[in-house]
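[1] I would like to see how this sequence folds:
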Amino acid sequence: MFTSVRTPRVYEHIVEQIEQAIVDGRLRCGDRLPPERELVRQFRASRVAVREALRTLEHRGLVEVRHGSSGGHFVREVDGGLLRRDFVTLLRLARVSVAQLTEARMILEPEIAALAAERATPDDVGALRETLRRRTEAVAAGESPRALDTGFHRLVAAAAKNPVHTVLADAIMGIEADVVAPHVAFSEEDHGEIARAHLAILEAIVARRADDARAAMAAHIEDVRHRLPPAEPAALRP
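    Residues are numbered from 1 along each chain as shown. Down below sits the predicted model:
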């Protein structure tokens, strides 16, 4: 599968070949990489170079290590974890403000909602309905619905059937959940309005009304923006 390499930075070329194999589909999500000794043989490289390459691939989020008798290095499923980590780091360094995050959501999410209205499957609609039902139960029990709120937005992105949108929305909602939400206390009235907004978005998606879904999402993001503190609290800038 792989070819030998000769260079002072051998591990980088090993990384490039494995990454290209993943991009080309020769290695798919869940596939196990050959054992370390087999990679050493195929690349005709040192064990040190192979190990450094595997560490680099793991750091990039392309492979994961599983332990046990059936363990090894496996191709990871693509997710927004690494993108989210970098975004959160930027926000913590005050290079991205909450206002800028909201602006990005306003550009991205209304169009995602419109696509979801055109492409959502019955399973997508069922997952969205279930999230709203669980949210109602959480609020009635006095529990925070924030995780379900971000989950709703992730499900809308998944319903748009575009992996780029899914990854970007997952990263943005991860920032909301990890950095913004812990420092914002919404009132009962706030939570009620959020529930109504989510229902309006869902109804537009179910009815296949893309323009209505777009407008409902934009109105929802704008409403939440007004419910945030007028000035970003110092706690958001650790």
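
[2] Residues in contact with stretch 15-25: which ones?
    Stretch 15-25 has contacts (Cβ atoms under 8 Å, 6 or more residues apart in numbering) with 1-3, 5, 27-28, 33, 43, 53, 56-57, 60, 62-63, 75. From N, CA and C alone the C-beta is placed, and that goes for glycine too.

[3] State the pair within the residues you listed that is farthest apart.
    Spatial extent of the contacts of stretch 15-25 (Cβ to Cβ) is set by the pair Val5 and Arg28 at 23.4 Å.

[4] More neighbours: these two, which one.
    Val5 (17 against 10; other Cβ atoms under 10 Å).

[5] which element follows the least confident helix or strand in the chain by mean pLDDT toward the C-terminus?
    Ranked by mean pLDDT, DSSP states H and E, the weakest helix or strand in the chain is helix 81-92, scoring a mean of 70. Using DSSP states H and E, the helix or strand that follows helix 81-92 towards the C-terminus is helix 98-119.

[6] Just the mean pLDDT for the following helix or strand past that following helix, thanks.
    Using DSSP H and E, the helix or strand that follows helix 98-119 in sequence is helix 122-140. Across helix 122-140, pLDDT averages out at 96.

[7] Against which helices or strands is helix 122-140 packed?
    helix 146-159, helix 188-206 (3 or more Cβ pairs under 8 Å, 6 or more residues apart in numbering; DSSP states H and E).

[8] which parts of that helix are buried?
    For helix 122-140, the neighbour count (16 or more other Cβ atoms under 10 Å) marks 124-125, 127-128, 131-132, 134-135, 138-139 as buried.

[9] wait, which of these is closest to Ala157?
    Asp124 (10.4 Å).

[10] quick one, what contacts the closest one?
    Counted by Cβ under 8 Å, 6+ apart, Asp124 has contacts 116, 155, 158-159, 205.

[11] how far is stretch 177-194 from where the chain is centred?
    Distance of stretch 177-194 from the chain centroid (Cα atoms, centre = their mean, to the nearest Å) equals 20 Å.

[12] Using neighbour counts, pick out the buried residues of that stretch.
    177-181, 184, 186, 191, 193-194.

[13] what about that stretch, start to end distance?
    Stretch 177-194 has its terminal residues 15 Å apart, counting by Cα to Cα, to the nearest Å.

[14] What of stretch 86-102?
    Taking Cα to Cα, the first and last residues of stretch 86-102 lie 17 Å apart.

[15] how far out from the middle of the chain is it?
    16 Å.

[16] please renumber so the chain begins at 46
    Yes, from this point I'll number from 46; that puts the last item at stretch 131-147.
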